[in-house]
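Colleague: starting from these lines, generate the structure:
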Amino acid sequence: MADEKDLYAPVKAYLEGQGYQVKSEIGACDVVARRGNEAPVVVELKSRFNLDLVLQAVDRQTVAESIYVAIPDTAGGAWKRHRRRVLKLCRMLGVGLLLVRTSAAAGRQVTAQLDPGPYRPRANPKRRGRLLKEFSERVGDPNTGGVTRTRIVTAYRQDALRLLAAIDSDGALSLKDLRLRTRVEKAGPILQDNHYGWFERVSRGVYGLTPKGHDALKAYALEIGALSNCG
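Modeller: Predicted coordinates:
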């Protein structure tokens with residue numbers, strides 16, 4: 001992986017090619033460029049995209065309006081795994097991003113992936129609608145915020161648990177009876193899709209539980225009890 005110092009020459013050549021005078025290590029800034037009487041451009045160099053680089057870029061916004069971060073095109077970590085989200089973060093912060101090819105054989109090219117500018121987020125009504133729908137339909141607060149690699153009890157899963165508990169209580173039931181007992185409007189799609197593998201059709205329009213369903217009764221006993229208490 002390229003060192004930070006390996007980025008300087010290609011970045012300097014890139015900026016000079018656009019008419020800037022370029023100097024390094026001015027104050028706390030890795031690179032400062034100026035073209036005539038224009039406002040300065042600051043570039044922070046890092047061997048990979050990380051939190052330190054983001055914090056440096058934000059700090060430099062107190063001395064210049066145009067801030068870039070530069071990383072090698074071979075950089076791993078956050079950039080390689082999360083390219084779209086990294087660009088979105090930079091856009092939100094108003095920070096530009098330069099991708100540097102440090103190999104002399106490749107011509108030491110610099111590509112501006114993003115130029116700094118004001119961020120104007122576009123609302124996504126569909127995603128917002130799904131968020132509000134899930135919030136309003138989920139009963140109680142059955143999950144713990146911040147947990148990972150654990151089951152999340154969604155409103156959909158709560159509806160499936162209602163169906164599960166009704167069949168456990170009364171035996172195999174028709175779709176009509178399940179709707180009446182549970183008041184789950186989407187009982188049909190839940191039973192037919194059988195996303196969790198809990199249900200099986202025992203006859204036309206009548207559903208029972210699979211072995212997985214019986215296991216789920218034990219695994220989700222607390223959640224089923226909480227749903228029963230909520231009516």
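Colleague: can you give me the buried ones in the biggest helix by length in the chain?
Modeller: Counting residues, the longest helix in the chain under DSSP state H turns out to be helix 155-170. Across helix 155-170, burial judged by 16 or more other C-beta atoms under 10 Å covers Tyr156, Arg157, Gln158, Asp159, Ala160, Leu161, Arg162, Leu163, Leu164, Ala165, Ala166, Ile167. Every C-beta, even on glycine, is put in place using the N, C-alpha and C of the backbone.
Colleague: pLDDT below threshold where in the chain?
Modeller: Applying pLDDT under 70 to the chain flags the ranges 1-2, 75-79, 104-108, 119, 121, 231.
Colleague: most centrally placed residue in it?
Modeller: For the chain, Arg85 is the residue whose C-alpha lies nearest the centre (C-alpha atoms, centre = their mean; 7.1 Å).
Colleague: who are the packing partners of the one helix or strand that one maps to?
Modeller: Taking DSSP states H and E as the criterion, Arg85 maps to helix 83-93. Contacts defined by 3 or more C-beta pairs under 8 Å, 6 or more residues apart in numbering; DSSP states H and E place helix 83-93 against helix 51-60, strand 96-100, strand 110-114.
Colleague: the longest helix of the chain: what's the following helix or strand?
Modeller: Using DSSP H and E, the first helix or strand after helix 155-170 is strand 173-174.
Colleague: identify the residues contacting the helix or strand just after that following strand?
Modeller: Note on strand 173-174: by DSSP H and E, the next helix or strand toward the C-terminus is helix 175-182. Contacts with helix 175-182, where a contact means C-beta atoms under 8 Å, 6 or more residues apart in numbering, come from 159, 162-163, 166-167, 170, 173, 184-185, 187-188, 191, 205-207.
Colleague: go again using 6 Å as the cut-off
Modeller: Defining contact as C-beta atoms under 6 Å, 6 or more residues apart in numbering, one finds that helix 175-182 is touched by Arg162, Leu163, Ala166, Ala187, Gly188, Gly205.
Colleague: likewise stretch 118-131?
Modeller: For stretch 118-131, the surrounding residues in contact (C-beta under 6 Å, 6+ apart) are Arg91, Met92.
Colleague: deepest of the helices and strands packed on helix 83-93, which one?
Modeller: Burial of the helices and strands packed on helix 83-93 is given as mean neighbour count (mean count of other C-beta atoms under 10 Å); strand 96-100 ranks first at a mean of 22.
Colleague: could you check the angle that strand makes with helix 51-60?
Modeller: 130 degrees (axes from the mean of the first three to the mean of the last three C-alpha atoms, to 10 degrees).
Colleague: who does strand 96-100 touch, helix- and strand-wise?
Modeller: Contacts defined by 3 or more C-beta pairs under 6 Å, 6 or more residues apart in numbering; DSSP states H and E place strand 96-100 against strand 66-72, strand 110-114.
Colleague: any chance of those in JSON lines, with distance to Ala226 too?
Modeller: As requested, the helices and strands packed on strand 96-100 are exported to JSON lines (distance: least, C-beta to C-beta, whole Å):
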{"stretch": "strand 66-72", "distance to Ala226": "47"}
{"stretch": "strand 110-114", "distance to Ala226": "46"}
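Colleague: out of the ones you listed, flag the one nearest Gln18.
Modeller: Among the helices and strands packed on strand 96-100, strand 110-114 comes nearest to Gln18, with 10.2 Å by C-beta to C-beta.
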